[in-house]
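Colleague: everything below, folded, please.
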Amino acid sequence: MSAEPLAITGYGAVSPVGADAATFLAQIRAGHSGVAPITAFTTDGLETRFSAGVALTDEELANGDRRQARRKDRFVLLALRAAREALAHAGLTAHAWTDPYRVAVQIGTGIGGIGTLLREAETLRARGADRVSPFLIPRMIGNMASGDVALAVGAKGPTWTIVTACATGANAIHAASLLIRSGTVDVAITGGTESATTALTIAGFNAAGALSRRNHDPAAASRPFDRGRDGFVIGEGAGILVLESLAHARRRGATIHALLAGCASTDDAFHETNPDPSGAALCAAIRLALQESGLSTGQLGYINAHGTSTMLNDRTEAKAYRQALGADLDRIWVSSTKSMIGHTMGAAGALEAIVAVAALRDGILPPTINLDDPDPDCALRHIIGQSITQPISAALSVNMGFGGHNGCLVFQRS
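Modeller: Prediction:
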């Protein structure tokens, strides 16, 4: 049974290719890479020595507020900046709610404040327990992105933190949709944030065999669906969307950029890190999201793929698309934003949702870059190298995460 679509009235983004949504979208459409060698810390001994980072200091993220920059972890600062932009884009004013208890905040993170944790662990080791910061706990814990955004905007409705690894952003948007459709709230500020580029996380992902080691050419390292791919590129950023019931958006005369028509979440229940190679659970998520949307496979025009640039994920994803969409897959355009900004983990689903929304609104579909030799096991209608102009009426955004988590969002032109 289909559900009433929800209005997307605003969004904000901080990414490796732009510190605001307009720049992010322009750079993605131009096929620009935000991947570069790491300079923030020594990479001696690491197999991977590059990442996709946001080119702003903590103080710059905090709009020059040194006190805020000192007190909050970077993943929170990213979320706050994106949330402020999203609220302004939606034409909403912080603390000016008719009923603040009907405004939810649903922002996820995959890893949370690991930068703070590592720095304070070193302080404990080198200087003793009495020198550990009193801000360690509120800087470190993952729920503080949602909590601090709620505090900043005066939202008093359900404020949750969704943690489903690389499917986090999509699953947070799904959770927000459930709150609105249940009648609990009218508005939700939702998405994901991540800043987890540390020597420890890189070493851990290297040990798991997940990261690219293309140190000689970082900008070409993220190559989703390419035969020569060798792993993902770790990225950081935040994507926040404002989601409203149609009635609420229309009542206040909001601009509706696109509609969230359907959502679904499933789990592979197969392996801690590897996707189920059958693609069955991801296929189920796609079908369930389409069922909720009331749309047919024939109405889809674009898929913003998970496309991590790992061997197993890309092949499993392509297989699931074929199972879920059948012959219609051959006429649906597909691209991966991660080819340009790397894998922002908890933020990925939200940033990619923004790309899908803008593609629907503007009819500009972004490319996958570095796709020089398409893997025949990932036979899709790839957009390679350059954006295309193609009006579409519906788009799919797909995410998969460690733990078997799958999240699918179906967007429709407003």
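Colleague: Gly183: how many residues sit nearby?
Modeller: 9 (other Cβ atoms under 10 Å). Yep, even glycine has a C-beta here, placed from its N, CA and C like the rest.
Colleague: got the contact list for it?
Modeller: Applying Cβ atoms under 8 Å, 6 or more residues apart in numbering to Gly183 gives no contacts.
Colleague: so it is in which element?
Modeller: Following DSSP states H and E, one finds Gly183 outside all helices and strands.
Colleague: what are the ranges of the strands in the stretch 51-200 of the chain?
Modeller: For the stretch 51-200 of the chain, strands defined by DSSP state E, counting those that start in this stretch occupy the ranges 103-108, 159-160, 187-194.
Colleague: average pLDDT across stretch 172-191?
Modeller: Across stretch 172-191, pLDDT averages out at 98.
Colleague: that should have said stretch 105-115, apologies.
Modeller: Computed over stretch 105-115, the average pLDDT equals 97.
Colleague: grab the most central residue of the chain for me.
Modeller: In the chain, the residue lying closest to the centroid (Cα atoms, centre = their mean) is Ala348, at 2.1 Å.
Colleague: how far away is that one from Val355?
Modeller: Distance, Ala348 to Val355, using Cβ to Cβ, to the nearest Å: 11 Å.
Colleague: show me the domain layout of the protein.
Modeller: Here the domain parsing of the chain from automatic domain parsing is 6-251, 262-412.
Colleague: for burial, what's the neighbour tally of Glu272?
Modeller: Neighbours around Glu272, by other Cβ under 10 Å: 8.
Colleague: is it in contact with Gly403, as I believe?
Modeller: Yes: under the criterion of Cβ atoms under 8 Å, Glu272 makes contact with Gly403 at 6.7 Å.
Colleague: which of the strands of the stretch 51-200 of the chain sits most buried?
Modeller: Comparing the strands of the stretch 51-200 of the chain by mean neighbour count (mean count of other Cβ atoms under 10 Å), strand 187-194 comes out on top with a mean of 34.
Colleague: pull up the pairing partners for it, direction included.
Modeller: Partners of strand 187-194 in the sheet, by DSSP bridges, are strand 103-108 (parallel), strand 237-245 (antiparallel).
Colleague: and the longest one, how far out from the chain middle?
Modeller: Read it as strand 237-245. With Cα atoms, centre = their mean, to the nearest Å as the basis, strand 237-245 stands 10 Å off its chain's centre.
Colleague: in TSV, list the strands of the stretch 51-200 of the chain along with distance to Glu122.
Modeller: Output for the strands of the stretch 51-200 of the chain, formatted as TSV (distance: least, Cβ to Cβ, whole Å):
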stretch	distance to Glu122
strand 103-108	27
strand 159-160	31
strand 187-194	22
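Colleague: out of those, which is closest to Leu61?
Modeller: Nearest to Leu61, of all those, is strand 187-194, at 11.0 Å by Cβ to Cβ.
Colleague: the residue lying closest to Gln68 once chain neighbours are set aside: how many residues sit nearby?
Modeller: Closest residue to Gln68 apart from its sequence neighbours, by Cβ to Cβ, 6 or more residues apart in numbering: Ala62 at 4.3 Å. Using other Cβ under 10 Å, Ala62 has 20 other residues around it.
Colleague: hang on, the earlier thing: residues in contact with the residue nearest to the centre of the chain?
Modeller: Counting by Cβ under 8 Å, 6+ apart, Ala348 touches 166, 168-169, 192, 194, 235, 306, 338, 399.
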